[in-house]
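1. My questions are about this predicted structure, shown below with the sequence.
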Amino acid sequence: MHYRSLVRLAELLVGDLATAEDVVQESFVAMHGRWHRLRDYQRALSYLRKSVIDLSRWALWHRIVVDRNTPAADVPGTKLGTTSLSERSTVFAALGTLPPRQREALVLRYYGDLPEAQIAAAMGISTRAARRYTAQARSALCALLESPEA
Amino acid sequence: MSPSDRDFERHLRRALHSAVDSVEPSEEGLDRIRARLTAPHPVPITWITAGYSEVARRARAGLESCMARLRTWRAAAVEHLRAARSRRLRPAAVLAIAACVAAAGVLALVPLSPQPISPTVAVILSFETGLGPADGTGAPQLNGHGPKVPSSGAGAAAPDHRKTSHSQRATARCAAATPTPAGSTPSAAASAEPTTCPSRAASGAPSRAPSPSPDSWSTPSQSPSPSPSPSSTPSQSPSPSPSPSSTPSETPAAGPTPNASP
């Protein structure tokens, strides 16, 4: 059950199902390797969520580096805002235009339905920063959705 | 939060769910995770991991023992330093106390020489007897003005000095300062020659000016205190002390015989 929800969360973050599956699998394996270090087993899901967010961020950075050094035609369907976005909804396309932090905050807030404290803990930032990122992402997405170009 | 914001959030939430709820991850994902978790490590990696863990455990134990030993040594060193410091300070304190006691004993047993304190004693005595300087300053003055501090001599060193008069003091000073010829006796000093103190003359300031103090030491004594002069004047004093004068004496080399009066 958690695997599926986490894959969907990762897909919202990275915009690619295959990458999202890899990210979630890596997160599960990493958590299994450090299972004895967990102090509170009830927080395993939070740890998995944080791991998914970190690995998604790393995957996005890796993709940016690859896109810089590789022609765009060589990696079809891996970008968040070009080919794959044409087949998805408008909300999903607008989500790809947000900065990574704002996207994470928005996804955790409106897809994960997490409170600000858990958003901050998952992102590794303060509650105030999480609130600020969420507000900025919402206003930016609102502007994108209300504009005729979006 | 305005209703429009709520509507927007509701719309955003529904859109996000509708965008990804249709996505179904492949069934191979969980199998892949299980395969990665249950796959045994290669033998070298297993050995390396086991060796690393064993080495790490031993290294940690060794470090802990070293830290404990260092802590013990440090505590022992601190204790040793404290003991050494106290041991070093105790003899030093004993030596200092012994030195103080010895110094106090020496000062108590050995009488102080009157030479260094005689001027101070004279000044104090002059104040005690009410013979302080007339100007009221009480401080000794230079060039013969003001109270003259008696120099070290017979008068200053005499124990019953405070009972002697100032004239006698002056006489004693004059006697001490005047070069006495060989063979002269104190009886020769008893000649009635009213001379002023030669020391005054010798000092180059034979001031006969009246001092403001009527009884000051600097006042030349007008008393007939004789000065020991080798004059050939026969002594009018009844003391038949032998003198280089023409007075016949049976024992010319004999000392003064005050009781040999005729």
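-> That came through fine. Numbers count the residues shown, from 1 in each chain, chains lettered A, B, ... in the order given.

2. tell me the contacts of A:Trp23?
-> Heads up, residue A:23 is Val, not Trp. Counting by C-beta atoms under 8 Å, 6 or more residues apart in numbering or on different chains, A:Val23 makes contact with A:Ala10, A:Val14, A:Val52, A:Leu55, A:Ser56, A:Ala59. Any C-beta I mention is one placed from the backbone N, CA and C, and that applies to glycine too.

3. Only whichever of those are buried, select them in PyMOL.
-> Buried members of the contacts of A:Val23, defined by 16 or more other C-beta atoms under 10 Å in any protein chain shown, are picked up in PyMOL with:
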select buried, chain A and resi 10+14+52+55+56+59
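
4. Can you lay out the contacts of A:Val23 as JSON lines showing secondary structure and pLDDT?
-> Putting those into JSON lines (DSSP: H, G, I helix; E, B strand; the rest coil; pLDDT from 0 to 100) gives the following:
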{"residue": "A:Ala10", "secondary structure": "helix", "pLDDT": "88"}
{"residue": "A:Val14", "secondary structure": "helix", "pLDDT": "85"}
{"residue": "A:Val52", "secondary structure": "helix", "pLDDT": "90"}
{"residue": "A:Leu55", "secondary structure": "helix", "pLDDT": "90"}
{"residue": "A:Ser56", "secondary structure": "helix", "pLDDT": "89"}
{"residue": "A:Ala59", "secondary structure": "helix", "pLDDT": "87"}
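
5. Take the contacts of A:Val23 and write them to JSON lines, including distance to chain B.
-> Shown next, in JSON lines, are the contacts of A:Val23 (distance: C-beta to the nearest C-beta, whole Å):
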{"residue": "A:Ala10", "distance to chain B": "10"}
{"residue": "A:Val14", "distance to chain B": "12"}
{"residue": "A:Val52", "distance to chain B": "13"}
{"residue": "A:Leu55", "distance to chain B": "14"}
{"residue": "A:Ser56", "distance to chain B": "13"}
{"residue": "A:Ala59", "distance to chain B": "16"}
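
6. which among the contacts of A:Val23 gets closest to B:Leu107?
-> Ranking the contacts of A:Val23 by separation from B:Leu107, with C-beta to C-beta as the measure, puts A:Leu55 on top at 91.6 Å.

7. Relative to A:Phe92, how far out is the closest one?
-> As for A:Leu55, its distance to A:Phe92 is 20 Å (criterion: C-beta to C-beta, to the nearest Å).

8. swap in A:Gly33?
-> Counting by C-beta to C-beta, the gap from A:Gly33 to A:Phe92 is 33 Å.

9. Between those two, which has more neighbouring residues?
-> A:Phe92 (21 against 10; other C-beta atoms under 10 Å in any protein chain shown).

10. Let me know the pLDDT of the residue lying closest to the more buried one once chain neighbours are set aside.
-> Closest residue in space to A:Phe92, ignoring its immediate chain neighbours: B:Ala19 at 4.5 Å, by C-beta to C-beta, 6 or more residues apart in numbering or on different chains. With respect to pLDDT, B:Ala19 scores 80.
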